[in-house]
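Participant: Whatever this is, show me its structure:
(2 chains)
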Amino acid sequence: MKPRHKRIALIVGGLASITIAAVLVLKALDSNIALYITPSDVIAGKAPHDKAFRMGGLVKQGSIQREGMTTRFIITDTAKEIPVAYTGILPDLFRDGKGAIVQGRLGADGLFSASEVLAKHDENYMPPEAQHAIDQAQKK
Amino acid sequence: MTPELGHFALILAFVTALMQGVLPLIGAQRRRTQWIALARPAAQTHFLLLAFSFACLAQSFLANDFSVAYVAQNSNTQLPAIYRFAAVWGGHEGSLLLWVLMLSGWGAAVSVTSRQLPEVMVARVLAVLGLVSIGMLAFILFTSNPFARLLPAAAEGRDLNPLLQDPGLVFHPPMLYMGYVGFSVAFAFAVAALISGRLDAAWARWSRPWTTAAWCFLTIGIAMGSWWAYYELGWGGWWFWDPVENASFMPWLAGTALIHSLAITEKRGAFKNWTVLLAIAAFSLSLLGTFLVRSGVLTSVHAFASDPSRGVFILILLGVVIGSSLTLFAWRAPRVSAGGAFALVSRETMLLINNVLLVVAAGSVLLGTLYPLIIDALGLGKLSVGPPYFNTVFVPVMVPLLLLIAVGPLARWKHADLRDMARRLRLSFVLALLAGIILPQLMGRWTPMTALGCLLAVWIASSTVFQIAERLKIGGGNAPASFWGMHLAHFGIAVFVIGVTLVGGYQEEKDVRMQTGDVVSVGGYQLRLLGISTAPGPNYRASVGEFELSKNGRVLKTLHPEKRQYFSSQMPMTEAAIDAGLTRDIYVSLGEPLDQQGAWSVRVYFKPFVDWIWAGCLLMAAGGFLAVIDRRYRLRVKAAASVPASVTA
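Facilitator: Just a heads-up that it's a prediction; the model follows:
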């Protein structure tokens, strides 16, 4: 093989693999992002019904109820409230009145079934997305 | 007094960094011997001053000097001494100080061990390191001074985040920073070579041991972080594709590519431009990682209360580093000669594919990590990119890479004989196929993914072992350390792949409600809750569970997971109890009390072969260290500093 052919083969091969990689990457990215939606927007009907999304806000004071391994609580952005149910062990810093992020799906009955609950590892830290939700609600 | 001394030493270090960064560089351009000679003592003084400054901060911590704001925020009189010391890098200011200390340490190491290098080269390398140090020190002195006083002094410190009160804090950040910052040496060598306009095999050979050493530390650092997250965060996973994990993983991927492309540049003089770009990329990604972690722009487990405005400074520094080095590259690159020619089937091609795959992997991690930031910055909403993205992208990129690990080292430079390679791989191929069919069935269930993982692991491991055997047959006694290093590292990857595959395919996770006397079975083991009692700790009170682990009615061990309540911060912490073994871990952690009957939520995991993941990483790092001590890196370069590539090959 001539050096020129070899270089062309290398370039074509390189471009082909990069294209395939780019297509795979974008496809994967598209199907695996979770949007952050504030409780107010959920009430306003802006949440997807067929797709998981994330919701940030405060755990409403006194709203935590336990039934066996399932916990029910309310996530609020101080304006609107969304009931949430989660089965499993909650993070250590999941507390009444503190910021939290839940990921999951919204049921037809308006109950948010969380598959994941995130609370942060610092007492004084507020997840930016939870803060954002509260700021948005108070601006209105 | 001590904090002021530390602060003063920090300012002096900044001044010496200015000397180290500017004078040798000018000296090297103008051939002023005295200015060139300044580089080494400046680098060493710089290191000593920073070490002194660091010691002052440590002393403030150990002496509970709460008149220092940083100490008051991150320590407490009840904190055990070892954590008071580790708390030095438990927060923003101190971890940056550790960062520059490491940087100056690498610089001092270069200045001491580079006797065989031309003085001009050493001067330029140290100068570039000095310039980086100027940037970071300016950042520390002007925005994040760890010695700032708190007046009046606090009576008691706010305490170190309980999450950090763990042996992991003592080892993980220093190791990780050693690696992160170590790529600055590879970067400095690349920039120095660009400035001198002499990119040759000798440059690659000087740069290699430093790059590999940094890579080893980074490997250990990441592995320790992963292990820490596994047992301390109570999540039981070993990798979460958390932005901060990604921040350390991207330089690792770029660094791995760099190690391999440096091999081509050293042996064959080819891909010089590419190698230089990778060196710039690896260090830039390290800086980007520092930015992501310290600025708090991303939601992550590492995002403790942080100050976004500080991020801007690192972002500017990042821009300056990338911008200036790429400008220099654009200016110099056209003059760089192309290396030796090679056939389509050759070790060069194999390493090229390795590089393309690793760079694609790094790029996809970068995209997934920055995507939420970009979308947010554009005002298009807030979103998060989940682990499924990374898994779907990563597996197809890694599979060909893993397949090639077995093939690459068999290929000869310049022109490889495919038929000869196929013959030497025949047995490995059969073994790998058998492993893919049989191993998953031995584990209880055959799935395509576990079959693929087992196949790849055995493919790599067996080919590595056969290559060593071949070498021993023709007299392995004289095999260089780097030969053993490479094969040990590749074998480590096989071990790692086994761990990842089996824990991914066969782990069992259960969240259950348990009362005293209840039994839960997992992975063929039974765990009985004997009771939960309270016990005091040095600065916390713990609820301690007592679990009896048994298999087939035979009691093996008692496990004691804890739920701690720290006094000073009132933060709860979960301490998992793990029965570790060669083929499986049993993992128990306490959730929280559920009701009046004394029931607790309990998390129980069965993790087959999970420890192989970290063992594999340690083998990789050990292989890297073996390669670093190879004799040829310490050979004195003869009078002519630049040996043509064809001679060294």
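
Participant: now residue A:36: how far from residue B:276?
Facilitator: Taking C-beta to C-beta, to the nearest Å as the measure, residue A:36 falls 40 Å from residue B:276. From N, CA and C alone the C-beta is placed, and that goes for glycine too.

Participant: So for those two, which sits in the more crowded spot?
Facilitator: More neighbours surround residue B:276 than the other of residue A:36 and residue B:276, with 30 against 24 (other C-beta atoms under 10 Å in any protein chain shown).

Participant: Looking at the spatially closest residue to that one that is not a sequence neighbour now. What's its pLDDT?
Facilitator: In this structure, residue B:276 finds its nearest non-sequential neighbour in residue B:190, 4.6 Å apart by C-beta to C-beta, 6 or more residues apart in numbering or on different chains. Residue B:190 is assigned 94 on the pLDDT scale.

Participant: Name the residues of the helix or strand harbouring residue B:190 that are buried.
Facilitator: For residue B:190, the host element (DSSP states H and E) is helix B:167-196. By neighbour count on 16 or more other C-beta atoms under 10 Å in any protein chain shown, the buried set for helix B:167-196 is B:168-169, B:171-196.

Participant: Name the next helix or strand downstream of it, please.
Facilitator: Note on helix B:167-196: by DSSP H and E, the next helix or strand toward the C-terminus is helix B:201-232.

Participant: Determine the longest helix present in chain A.
Facilitator: When chain A is parsed with DSSP state H, its longest helix is helix A:3-31.

Participant: Where does the residue nearest the centre of chain A sit: helix, strand or coil?
Facilitator: Centroid-nearest residue in chain A: residue A:54, 2.8 Å away (criterion: C-alpha atoms, centre = their mean). When classified by DSSP: H, G, I helix; E, B strand; the rest coil, residue A:54 comes out as strand.

Participant: who are the neighbours in contact with it?
Facilitator: A:34-37, A:101-103, A:129, B:383-384 (C-beta atoms under 8 Å, 6 or more residues apart in numbering or on different chains).

Participant: And those residues, which is closest to residue B:32?
Facilitator: residue B:384 (54.7 Å; C-beta to C-beta).

Participant: For the closest one, pull up the helix or strand it's in.
Facilitator: For residue B:384, the element it lies in under DSSP H and E is strand B:383-385.

Participant: Show me the contact partners of that strand.
Facilitator: Strand B:383-385 has contacts (C-beta under 8 Å, 6+ apart) with A:29, A:32-36, A:54, A:103, B:299, B:368-369, B:371-372, B:375.

Participant: can you check stretch B:314-328 too?
Facilitator: With C-beta under 8 Å, 6+ apart as the test, stretch B:314-328 has contacts from B:132, B:135-136, B:139, B:187, B:190-191, B:194-195, B:280, B:283-284, B:287-288, B:290-291, B:294-295.

Participant: State the helix or strand in which the closest residue to chain A within the stretch 401-550 of chain B lies.
Facilitator: Residue of the stretch 401-550 of chain B nearest chain A, by C-beta to the nearest C-beta: residue B:511 (4.5 Å). Under the criterion of DSSP H and E, residue B:511 resides in strand B:508-514.

Participant: Looking at the record's assignment, how would you partition chain A?
Facilitator: A:1-32, A:35-139 (automatic domain parsing).

Participant: As a markdown table, these with distance to residue B:570 and mean pLDDT would be great.
Facilitator: Below are the domains of chain A laid out as a markdown table (distance: least, C-beta to C-beta, whole Å; pLDDT from 0 to 100):
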| stretch | distance to residue B:570 | mean pLDDT |
| --- | --- | --- |
| domain A:1-32 | 37 | 79 |
| domain A:35-139 | 7 | 84 |
